[in-house]
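Colleague: what's the 3D shape of this:
(one chain, ligands or ions: 1)
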Amino acid sequence: MRLQVAMDVLDLPSALTLAGQVAEYVDVLELGTPLVKSAGISAVSAVKAAHPDKLVFADLKTADAGELEAGLAFEAGADLVTVMGVADDDTIRGAVAAGAKYGKSVVADMIAVTEGRVGRIREVAKLGVSFVEIHAGLDEQARPDYTIEKLLDDGREAGVPFSIAGGVGPDTIGAVRQAGATVAVAGSAIYNAPDPAEAASQLRKRANT
Ligand SMILES: O=C(CO)[C@H](O)[C@H](O)COP(=O)(O)O
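Modeller: Down below sits the predicted model:
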């Protein structure tokens, strides 16, 4: 299982520092949505230039104009971009078309799809995305009844390649792997840790065993 760090920081120097600390332990460096909005798409180019051997993931969470937005990120050097799973099918198809043009990958982010999620996962998987990110966002995670188990159940049931994001940490990454995820996405468990490198190293070990 691949390990992806979600760099939900707000400026490029912080992102480059974090990437430098954790890159050896992760497969994918994600520029979080707030980072892209704050620092701009050129931050994608800067992270890719600093870490050309890593997959760079631009978490655009595109909701419209899929081909245009995904193309911006691919042109900047992204290897993967996200489009919202709740978006119009043509938005997803557009992002996929940009991916085909650049030889890169599109991920459908299922954030905010809670009802009928397995059905929508199967629909978007047929639109040509590389995999589906089954995701509980930061606001959903803040609710007292939040549990990652529902994400894992839906991943097991959907029968398509998926990643899991939503509070992945040392206590849950083993279950994410056992559920069959191809990628575990960890943000706050790494960037909020006292020692992000150590946190990423521990997650790496647990992602593999
Ligand atoms: O995309 C995101 C929020 O929309 C986060 O990057 C994702 O949820 C991973 O962060 P965390 O591990 O802290 O949940």
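Colleague: Burial check on the residue in the chain positioned nearest to the ligand, number of neighbours?
Modeller: Residue of the chain nearest the ligand, by Cβ to the nearest ligand atom: Gly187 (2.5 Å). For the C-beta atoms, the positions are set from N, CA and C on the backbone; glycine is no exception. Residues near Gly187, counting by other Cβ atoms under 10 Å, number 22.
Colleague: Quick check: it touching Leu3?
Modeller: No - the criterion here is Cβ atoms under 8 Å, and Gly187 misses it with Leu3 at 11.8 Å.
Colleague: thinking again about what came up before, list the contacts of the residue of the chain closest to the ligand.
Modeller: Val5, Ala6, Met7, Asp8, Glu30, Gly32, Ala165 (Cβ atoms under 8 Å, 6 or more residues apart in numbering).
Colleague: does any part of the top strand by length along the chain sit near the ligand?
Modeller: Longest strand in the chain by number of residues (criterion: DSSP state E): strand 55-62. Yes - Strand 55-62 reaches the ligand (Cβ under 6 Å from any ligand atom) through Asp59.
Colleague: and the angle from the helix or strand that that strand is followed by to strand 55-62?
Modeller: Next helix or strand after strand 55-62 toward the C-terminus (DSSP states H and E): helix 66-76. Angle, helix 66-76 to strand 55-62, by axes from the mean of the first three to the mean of the last three Cα atoms, to 10 degrees: 150 degrees.
Colleague: And helix 66-76, how far out from the chain middle?
Modeller: Average the C-alpha atoms of helix 66-76, do the same for its chain, and the two points are 16 Å apart (Cα atoms, centre = their mean, to the nearest Å).
Colleague: Please spell out which residues along it are buried.
Modeller: Gly66, Glu67, Glu69, Ala70, Gly71, Leu72, Ala73, Phe74, Ala76 (16 or more other Cβ atoms under 10 Å).
Colleague: What's the local residue count around the residue lying closest to Phe74 once chain neighbours are set aside?
Modeller: Nearest residue to Phe74 in three dimensions, chain neighbours excluded: Tyr102, at 3.9 Å (Cβ to Cβ, 6 or more residues apart in numbering). Using other Cβ under 10 Å, Tyr102 has 16 other residues around it.
Colleague: right, and Tyr102 touches Glu67 too?
Modeller: No - look at Tyr102 against Glu67 with Cβ under 8 Å: they stay out of range, at 10.9 Å.
Colleague: which bits of this structure sit near the ligand?
Modeller: Residues of the chain lying near the ligand (Cβ under 6 Å from any ligand atom): 6, 8, 32, 59, 111, 137-138, 141, 165-168, 185-189.
Colleague: and the helix or strand where Arg177 lies, what other elements does it pack with?
Modeller: If you go by DSSP H and E, Arg177 is part of helix 173-178. Judged by 3 or more Cβ pairs under 8 Å, 6 or more residues apart in numbering; DSSP states H and E, helix 173-178 is in contact with helix 149-158, strand 183-186, helix 196-208.
Colleague: Tell me which of those lies nearest to Ser14.
Modeller: With Cβ to Cβ as the criterion, Ser14 lies closest to helix 196-208 of those, at 11.0 Å.
Colleague: Please enumerate residues in contact with the closest one?
Modeller: Residues contacting helix 196-208 (Cβ under 8 Å, 6+ apart): 1-3, 5, 18, 21-22, 25-26, 168-170, 173-174, 177, 184, 186, 189-190, 193.
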